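K.L.:
quick one, structure for this:
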Amino acid sequence: MRNVVILGVTGSIGQSALKVARDIPQRMRVVGMSAHSNAEGLASAAREFPEATTILSGGPDGIDRLVELATMPEADLVLVAIVGTAGLRPALAAIEAGKDIAVASKEILVMAGEIVMDAARQKGVRVMPVDSEHSAIFQCLEGRNATSVRRLILTCSGGPFRKTPAADLKHVTPAMALRHPTWNMGRKITLDSATLFNKALEMIEARWLFDIGMDHIEVVIHPQSIVHSMVEFVDRSILAQLSHSDMCLPIQYAVTYPERVENSLRPLDFASLGSLDFEAPRRSDFPALNLAIEAGTRGGTRPAVLNAANEVAVEAFLSERIAFPGIWKLVSEVLEKCPHTEHPSLETLLATDTEARRLAWASIG
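P.N.:
Okay, here's the model as predicted:
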């Protein structure tokens, strides 16, 4: 039995986590839950899981309250499902308190991967991936050392504009960008999938989770979203993890690892699938991957700048202040302008995050 705290219970990942708790009650007990401002959703979850401590984190003391929840003595696994950087301090506090963490928020490892993974190693706790792609890689690796790996291959649905001519991308509206062909996700992640920044952030996240260089991480378009990622080993053998698109599976595996337990998820029927397709991403038309490789290879504060600038660009696009291609343009401009620091402290990362956002808004005008 794992005693789990869910930070961000009313979001899509948090709701999937509650489904897992219903599905495997003999293995998962929810002992804490947070929501930012959705009091009604939090109250509904509290009625179903009355033993859990609940908090709303939207006030001025929100981060402190999240830290308290993430470090509660009875918890042994903290699922960080908060979009953005708000989950960073609670995640580090949970690690410091000796809790395993399950990471659904890409920003934590993109922004502070070096700090988070170093802290986890020092405390002897696990950082469990909950992204379907990173969970797939984690399952394929099964504890193997990174020295046996030749490539990590992240799969990507390609988003709603996989076949859209480059010249037409300037006409993309927020409503068009928020129609994802495969996954049902929040607005930020859905838009990131449309620009491929979701996959860009995942490349940097994988670099830290699996202690491997950016030059060993690749992306392939797979529109069916059945193969969630692959690992090629030095002997040229490739292992892949396949399943229907359902976040409950990676959440469950983070809870039950290293064991697998029965659940109610639907099985794959290969005959009905018919075929699985793969293609190269259009990196010149969707330059997020190139920006990620540059930022992830240089390291330091570079990934934090990329992440912060992208968050601003997403907000600006959704409020129709910039065009769809302007998202990549803005991130590239801020990467060029923002000062760089190697091996930054947490305070430096947070200051860089603030400065990158200021530069981004200033560029928008």
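K.L.:
and the pLDDT for Thr182?
P.N.:
In this model, Thr182 is scored at 70, pLDDT.
K.L.:
ok, it - contacts?
P.N.:
Ser157, Pro223, Gln224, Ser225, Ser245 (Cβ atoms under 8 Å, 6 or more residues apart in numbering). For the C-beta atoms, the positions are set from N, CA and C on the backbone; glycine is no exception.
K.L.:
closest to Gln26 out of those?
P.N.:
When the contacts of Thr182 are compared for distance to Gln26 (Cβ to Cβ), Ser245 comes out closest, at 25.8 Å.
K.L.:
any low-confidence regions in the stretch 101-250 of the chain?
P.N.:
For the stretch 101-250 of the chain, the stretches with pLDDT under 70 are 183-185.
K.L.:
let me know the helix or strand that the residue of the chain positioned farthest from its centre is in.
P.N.:
Of all residues in the chain, Ala271 has its C-alpha farthest from the mean position, at 31.4 Å, by Cα atoms, centre = their mean. Taking DSSP states H and E as the definition, Ala271 sits inside helix 270-273.
K.L.:
that helix: what's the following helix or strand?
P.N.:
Downstream of helix 270-273, the first helix or strand assigned by DSSP H and E is helix 288-298.
K.L.:
how close does the residue farthest from the centre of the chain sit to Glu315?
P.N.:
Ala271 is 44 Å from Glu315, where distance means Cβ to Cβ, to the nearest Å.
K.L.:
apart from its chain neighbours, what residue comes closest to Gly59?
P.N.:
Arg65 (7.7 Å; Cβ to Cβ, 6 or more residues apart in numbering).
K.L.:
these two touch, right, that neighbour and Ile55?
P.N.:
Yes - counting by Cβ atoms under 8 Å, Arg65 does reach Ile55; the two are 4.8 Å apart.
K.L.:
which residues are common contacts for the two?
P.N.:
Ser34.
K.L.:
list the contacts of the closest residue to Arg27 other than its chain neighbours.
P.N.:
Here the nearest residue to Arg27 in space, its sequence neighbours aside, is Thr256; by Cβ to Cβ, 6+ apart that works out to 5.5 Å. Contacts of Thr256 were listed using Cβ under 8 Å, 6+ apart, and they are Arg2, Ile24, Arg27, Met28.
K.L.:
tell me the SS of Thr54?
P.N.:
strand (DSSP: H, G, I helix; E, B strand; the rest coil).
K.L.:
tell me which element Gly59 falls in.
P.N.:
Remark: Gly59 resides in no helix or strand, with elements defined by DSSP H and E.
K.L.:
which non-adjacent residue is nearest the residue positioned nearest the centre of the chain?
P.N.:
In the chain, the residue lying closest to the centroid (Cα atoms, centre = their mean) is Lys106, at 3.1 Å. Once flanking residues are discounted, Lys106 sits nearest to Leu201: 4.4 Å by Cβ to Cβ, 6+ apart.
K.L.:
how far does the helix holding Ala271 sit from the chain's center?
P.N.:
29 Å (Cα atoms, centre = their mean, to the nearest Å).
K.L.:
which residues touch it?
P.N.:
Outside helix 270-273, the residues that reach it (Cβ under 8 Å, 6+ apart) are Gln224, Ile226.
K.L.:
dump the C-alpha coordinates for it into CSV.
P.N.:
Provided in CSV are the C-alpha atoms of helix 270-273 (Å, rounded to 0.1, in the frame of the first residue of the first chain):
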residue,chain,number,x,y,z
PHE,A,270,-3.7,-5.5,-32.6
ALA,A,271,-6.0,-6.8,-35.4
SER,A,272,-8.3,-3.8,-35.0
LEU,A,273,-5.4,-1.4,-34.9
